[in-house]
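> Next input, structure requested:
(chains A and B)
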Amino acid sequence: MTRGTLVIANLRRRLRRTILTVFGLATALFLFVTLRTFLHTLQTVGDVGSESRLVVSNKLGIVFPLPLAYRARLSGTDGVAAVSYASWFGGIYQDPSNFFANYAVDAESYLPMYTEMVVSPEHRQAFIADRAGALVGVRLMERFGWQVGQTVTLNGTIYPGEHRFNIRGVYEAGRKGFDQSSLIFHHRYLEELSRGQGGDGLTGWYVLTVSDPNRAPEIARTIDAAYENSSAPTRSQTEKAFNLAFVGMYGNIGFFLNAIGMAVVFSILMVAANTMAMSARERFAEIAVLKTLGFTDGDVLKLVIAEALVITGLGLAVGLGGAMIAFNLIEFDMGGFVPGLSVTPTIALTAAAITLVITVASGAVPAWQSARLRVIDALRYVA
Amino acid sequence: MKIPLIYNIRSVLHRPATSLATAAGVAFVVLTFVGMLALANGFSAALISTGRSDNAFVLRKGADAEISSGIGRDQAAILRTYPEVARSADGSPIATADVYVVVSKPRVNGTETHMPVRGVGPEAFQVRDAVSIVSGRLFEPGRSEVIVGKGIVGRMRDVAIGDRLRFGQQDFTVVGHFEADGSAFESEVWGDAESLMSVFRGPVYQSMALRLNSAADFEAFKARVEGDPRLQMQVKRENEFFAEQSNFLGNVLRFIAFFVTIIMAVGAVFGAINTMDAMVAARGREIALLQTLGFKPRSVLASFLIEAVFLAIIGGVIGCLLALPINGIQTSTTNWQSFGELTFAFRVSPEILLQGLVFAAFMGLVGGFLPARRAAKQVIAVGLRRH
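Now for the predicted structure:
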């Protein structure tokens, strides 16, 4: 009998316990990885934003509009390669719980700027040609089972009434993590349907492409200085910073999630280490036999650790593997709520490190006990 | 015949270490459960406690939040004349037409968020009588002055009395701090509607709150507003409107709470089965003795199940006790529905604690079943041989 088979025999002897311990560890590790991934995605949402694009919004806040008349002057700013603009629409599809982003864009300038939005030439043409046309993210199409050519009605929250849009095309993300759950339509159409409601000649925000990303901060300052004393002062920032500001709005909710993640890890440690230590403690007699047969304390330690390693290793495989399958393979995105969830190597390594600590911790107590064990005492219990 | 309960209680007390290890897993799950629900509950509670049921709240039709609404001066004037609206001693309607905006401002830690700013009419403090000044004084209409809810004092920059808040091209001096029974108003900056209108969106209000003669007049008022072709307005009870504003984030937080706790609970139940199994194995002789004394397997099963539930409830109580200190801790986040920053406190309510205990007992029941069955099915002779 080799040591390997001895370890396996031990694990199989109390199969129920082995399986439960493995899955107990797996659920906890899965949860840990999920929470870390969720938090990491929130923190890195900014990475999806480009550093060569500037977002120019009203200094008072994103809910305040800017005059469309700024367009010409922005285009003329030194270092600005292209200008586009967009407005939040805030339409509701059937029920408020069906929330998704929908906004109006100046398609002719917006699509060339957002190369991350991959659209087939036919779809692009059809969208541009239809004044009431809409371009919809592939995830959103799947979510509601929409078809190209279909007309959807959105209830305006900011722009009163029921508004109809013809789905003319679908876009996909050309980069991982880029949103695929929005509906965009023509800014002209928005201006048409809101005429006379006090929003004429306004837009929500501008997006600028700068010819040299290194000059972005300087260009942003130039623009903001130009409008400093106007009735609508601007705030220009890279798209990355703009996205990060949105994440910042969550406040320290992330901190609480993180704290909970740590509580979870701590309880994994407790439960798993306890179970494994317990299982070794029960085997005084057996260890005594091994020692009688000439096994040294070192050999016993190796056995105990090997057994723990199999359990924690399997737990890691199931927990981490499960999370990786869910996020990296199936791309589970919580119904479009958090796109781009992905288990990073750092998170996977952290999970592995935790597993290692549990292994050592749970092996240490029984190993120490076995070293102290007086064979003669323990042998009395051999059945 | 049943095995006396005292047997289980003594068993648990006799092995404090093992008992505690089993209970600890449950305690952590309950702690997480209570903590996360307290967060969701506190958030919802701030909004649910906002507004009164005898105040009617008017928004433009279709608007789902104040921020997307608009009410003209003429429409506000019409609403004030309705007979259901209560009047003060001098005959003026108790109603306020509000300007509501969210303005990009930094928190004390430098991160940007949206500060809710509400411009109110002179009767606002009669309509919302929960609002009262705690330090400083009220703003004077027509002057560039504001008062700040105590929920954001110390959390946002430039909100101490005497500080200046810049809105657009104009500075507003903070002249007072106010409280409002822990409601969402405490997260807002209040000023004079006319003064704020001019710096923000021009001559349009976002919402209107009107005190009704009685809460029972609400339906009549609502019917009158919705039947008036001059108005394209929707009416809600003020407290119901604010409660609805908590739906989205409240539900997200509750979803996360249940998602996390259920996964954790599965892990904890696995752990509980293991420790209970070991306990049953270690007590082989004891169980055999019980059986020899004539206790039926059913009684043994029941007894161990009770012990598991008892242990789990101890864990639950520990979890609840550990969760108590988080009650009242303040935090803030953006309420995506109103788009403004909302300060709220963790709220550990008796209901949540009770839910936590029920949850713990349930975990004990599920986790205890297999080990209890193992105990009940034990063969006496085998059990007696065990050490």
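
> Show me the longest strand that occurs in the chain.
Just so you know, I chose chain A. Using DSSP state E, we find that the single longest strand of chain A is strand A:162-173.

> wait, chain B
Max-length strand for chain B by DSSP E is strand B:95-106.

> What is the burial count for residue 378?
Defaulting to chain A. Other residues near A:Ala378 come to 19 when the count uses other CB atoms under 10 Å in any protein chain shown. Just so you know, the C-beta spots here come from the backbone N, C-alpha and C atoms, and that holds for glycine as well.

> other chain: chain B
22.

> Same check on B:Arg254?
Going by other CB under 10 Å, the residues that sit close to B:Arg254 add up to 17.

> From what I see, it and B:Leu37 are in contact.
Yes: between B:Arg254 and B:Leu37 there is a contact under CB atoms under 8 Å: 7.1 Å.

> Look at A:Arg131 and tell me its secondary structure.
When classified by DSSP: H, G, I helix; E, B strand; the rest coil, A:Arg131 comes out as coil.

> Repeat that for the one 5 residues further on.
In the three-state summary, A:Val136 is assigned as strand, counting by three-state DSSP.

> show me the contacts for it.
The contact partners of A:Val136, taken as CB atoms under 8 Å, 6 or more residues apart in numbering or on different chains, are A:146, A:167, A:169-171, A:182-184.

> hmm, back to that, give me the contact status of the longest strand of chain B with chain A.
Yes: interface with chain A: strand B:95-106 contributes B:101-104 (CB under 8 Å from any CB of the partner chain).

> Show me the strands in the stretch 1-150 of chain B, by range?
With strands called from DSSP state E, counting those that start in this stretch, the stretch 1-150 of chain B shows them at B:55-60, B:95-106, B:112-120, B:132-136, B:145-149.

> Report the separation between B:Ala215 and A:Tyr206.
48 Å (CB to CB, to the nearest Å).

> Let's have the strands of the stretch 1-150 of chain B in JSON lines, adding mean neighbour count and distance to B:Phe33.
What follows is the strands of the stretch 1-150 of chain B, written out as JSON lines (neighbours: other CB atoms under 10 Å in any protein chain shown; distance: least, CB to CB, whole Å):
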{"stretch": "strand B:55-60", "mean neighbour count": "24", "distance to B:Phe33": "34"}
{"stretch": "strand B:95-106", "mean neighbour count": "23", "distance to B:Phe33": "33"}
{"stretch": "strand B:112-120", "mean neighbour count": "24", "distance to B:Phe33": "29"}
{"stretch": "strand B:132-136", "mean neighbour count": "14", "distance to B:Phe33": "35"}
{"stretch": "strand B:145-149", "mean neighbour count": "24", "distance to B:Phe33": "31"}
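
> Turn these into CSV, including distance to A:Tyr93 and mean pLDDT.
Below are those laid out as CSV (distance: least, CB to CB, whole Å; pLDDT from 0 to 100):
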stretch, distance to A:Tyr93, mean pLDDT
strand B:55-60, 20, 95
strand B:95-106, 24, 94
strand B:112-120, 25, 93
strand B:132-136, 42, 95
strand B:145-149, 35, 96
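
> Same list (these) but as a markdown table, adding distance to A:Val271.
Formatted as a markdown table, the strands of the stretch 1-150 of chain B follow (distance: least, CB to CB, whole Å):
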| stretch | distance to A:Val271 |
| --- | --- |
| strand B:55-60 | 50 |
| strand B:95-106 | 43 |
| strand B:112-120 | 39 |
| strand B:132-136 | 48 |
| strand B:145-149 | 44 |
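
> which one of the ones you listed lies closest to B:Thr173?
B:Thr173 lies closest, by CB to CB, to one member of those: strand B:145-149, at 5.3 Å.

> helices and strands around the closest one, which ones?
strand B:170-179, strand B:189-192 (3 or more CB pairs under 8 Å, 6 or more residues apart in numbering or on different chains; DSSP states H and E).

> which one of those lies closest to A:His40?
Using CB to CB, the helices and strands packed on strand B:145-149 put strand B:189-192 closest to A:His40, at 34.3 Å.

> Could you identify the helix or strand that succeeds that closest one?
Remark: after strand B:189-192, the chain's next helix or strand is helix B:193-199, criterion DSSP states H and E.

> Show me which positions of that next one end up buried.
B:193, B:195-197, B:199 (16 or more other CB atoms under 10 Å in any protein chain shown).

> How far away from the center of its chain is that helix?
Relative to the chain's own centre, helix B:193-199 is displaced by 33 Å; criterion: CA atoms, centre = their mean, to the nearest Å.

> what's the answer for stretch A:4-11, then?
40 Å.

> so where is the stretch 1-150 of chain A shaky, pLDDT-wise?
A:1, A:46 (pLDDT under 70).

> what do you get if the cut-off is 80, keeping everything else the same?
Residues of the stretch 1-150 of chain A meeting the criterion pLDDT under 80: A:1-3, A:41-49, A:97.

> tell me the secondary structure for A:Phe178?
A:Phe178 ends up coil, using three-state DSSP.

> Without its sequence neighbours, what residue ends up closest to it?
A:Glu116 (4.6 Å; CB to CB, 6 or more residues apart in numbering or on different chains).

> That neighbour: neighbour count?
With other CB under 10 Å as criterion, A:Glu116 counts 17.

> helices and strands around the longest strand of chain B, which ones?
helix B:73-80, strand B:112-120, helix B:124-127, helix B:193-199, strand B:207-211.

> Go through the ones you listed and name the closest to A:Leu202.
Closest among the helices and strands packed on strand B:95-106, once you apply CB to CB, is helix B:193-199, at 16.8 Å.

> list the helices and strands the closest one packs on?
Against helix B:193-199 (3+ CB pairs under 8 Å, 6+ apart) you get strand B:95-106, strand B:112-120.

> Including distance to A:Phe23, could those go into JSON lines?
As requested, these are exported to JSON lines (distance: least, CB to CB, whole Å):
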{"stretch": "strand B:95-106", "distance to A:Phe23": "46"}
{"stretch": "strand B:112-120", "distance to A:Phe23": "41"}
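
> Is the residue nearest to A:Phe178 in contact with A:Arg175, as I believe?
Yes: using CB under 8 Å, A:Glu116 is in contact with A:Arg175, at 4.9 Å.

> wait, which of the helices and strands packed on strand B:145-149 is closest to chain A?
strand B:170-179 (11.2 Å; CB to the nearest CB).

> ok, residues contacting the closest one?
Counting by CB under 8 Å, 6+ apart, B:131-139, B:144-150, B:153, B:158-166, B:185-186, B:190-191, B:195, B:199 sit against strand B:170-179.

> re earlier: can you identify the element that follows the longest strand of chain A toward the C-terminus?
strand A:182-186.

> hmm, back to that, how much space between the residue nearest to A:Phe178 and A:Gly177?
9 Å.

> Return the residues in contact with B:Leu231.
B:Leu231 neighbours (CB under 8 Å, 6+ apart): B:75, B:78-79, B:225.

> for A:Gly169, same thing?
With CB under 8 Å, 6+ apart, A:Gly169 has these contacts: A:119-120, A:122-124, A:126-127, A:133, A:135-136, A:148.

> JSON lines for those, including secondary structure?
Formatted as JSON lines, those follow (three-state DSSP):
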{"residue": "A:Val119", "secondary structure": "coil"}
{"residue": "A:Ser120", "secondary structure": "coil"}
{"residue": "A:Glu122", "secondary structure": "helix"}
{"residue": "A:His123", "secondary structure": "helix"}
{"residue": "A:Arg124", "secondary structure": "helix"}
{"residue": "A:Ala126", "secondary structure": "helix"}
{"residue": "A:Phe127", "secondary structure": "helix"}
{"residue": "A:Gly133", "secondary structure": "strand"}
{"residue": "A:Leu135", "secondary structure": "strand"}
{"residue": "A:Val136", "secondary structure": "strand"}
{"residue": "A:Val148", "secondary structure": "coil"}
